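Enquirer: model this:
(one chain, ligands or ions: 1)
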Amino acid sequence: MSNKFGQFSPGEMVETTGLLSIALLSLTLLIGPICQLFPRLDGLKAHRKFLGILSFLIALAHSALVYIFYVNFNLAKLFNPQSPQYVGLLLGLASLIILLVLTLTSNKFSLNFLTPKVWKLVQSTAYVALILAVGHFYLTKSTNGVFTVKSAAEQITFGLAAFVVLFRLLVIFYLKIKL
Ligand code: HEM
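Expert: Here you go, the predicted model:
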């Protein structure tokens with residue numbers, strides 16, 4: 001953690017990239033329900049792919065920084081079942097794998113190959129990725145079972161992600177009641 005890279009410490013870079021990735025994923029997922037409620041904002045959908053892929057690339061950089069600076073290229077040290085962070089790190093890995101699959105299938109070829117119905121199902125696992133990432137955030141930032149969020153950036157990101165998941169559920173129920 002004492003290594004310096006320019007003005008930022010590895011710890012600061014890991015924190016910033018992690019939070020940025022969750023915030024971008026949350027914004028990506030907010031667009032769908034917002035457009036369902038306000039069809040006039042449909043133009044926002046054109047930015048979903050870019051935001052989603054950016055979220056994955058930043059999560060990848062986050063993981064690479066941890067791999068390089070926290071465990072010095074030692075995967076066994078990173079995923080060590082004896083470590084109190086083990087489960088939290090597994091959730092992060094699962095989230096990253098889902099984001100990778102989503103990035104690789106965000107194209108016309110995959111849409112045609114998988115059929116639109118299956119493709120949509122695959123894309124909706126982005127919510128699972130977000131929930132796993134928030135679980136990862138929660139567990140890696142908990143000490144002795146107590147979740148401690150220090151900065152405003154952490155509080156805002158956590159709140160935004162929770163809001164996006166709740167908002168999605170509310171829109172589903174609201175539209176069901178209206179139909
Ligand atoms: C193999 C995949 C991953 C690994 C190894 C990993 C590793 C870590 C580690 C070690 C920390 C703790 C940093 C600390 O205590 O200072 C952390 C925090 C965090 N990670 Fe990950 N992570 C992974 C994937 C992800 C993904 C996919 C996301 C988001 C989509 C994410 C978001 C976060 C966030 C928000 C934090 C808390 C940042 C903070 O406020 O300090 N991580 N991660």
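Enquirer: alpha carbons only for contacts and neighbour counts from here, please
Expert: Fine.
Enquirer: how about whichever strand or helix holds residue 167: buried residues?
Expert: Per DSSP states H and E, residue 167 falls inside helix 152-178. Neighbour counts using 16 or more other Cα atoms under 10 Å place 154, 157-158, 160-161, 164-165, 167-168, 171 of helix 152-178 among the buried residues.
Enquirer: residue contacts, residue 95?
Expert: Applying Cα atoms under 8 Å, 6 or more residues apart in numbering to residue 95 gives the contacts 128-130, 132-133.
Enquirer: Return a selection command, for use in ChimeraX, containing the buried ones of these.
Expert: In ChimeraX, this line selects whichever of the contacts of residue 95 come out buried by 16+ other Cα under 10 Å:
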select :129,130,132,133
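Enquirer: List the residues that contact the nearest residue to residue 85 once chain neighbours are set aside.
Expert: With sequence-adjacent residues excluded and distances taken as Cα to Cα, 6 or more residues apart in numbering, residue 85 is closest to residue 140, at 5.8 Å. Going by Cα under 8 Å, 6+ apart, residue 140 touches 85, 88-89.
Enquirer: Helices of the protein, start to end?
Expert: 10-37, 48-65, 75-78, 86-104, 108-114, 116-123, 126-140, 152-178 (DSSP state H).
Enquirer: okay if I get those as CSV plus distance to the ligand?
Expert: Listed next are the helices of the chain as CSV, based on distance: least, Cα to the nearest ligand atom, whole Å:
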stretch, distance to the ligand
helix 10-37, 4
helix 48-65, 4
helix 75-78, 7
helix 86-104, 4
helix 108-114, 22
helix 116-123, 15
helix 126-140, 4
helix 152-178, 5
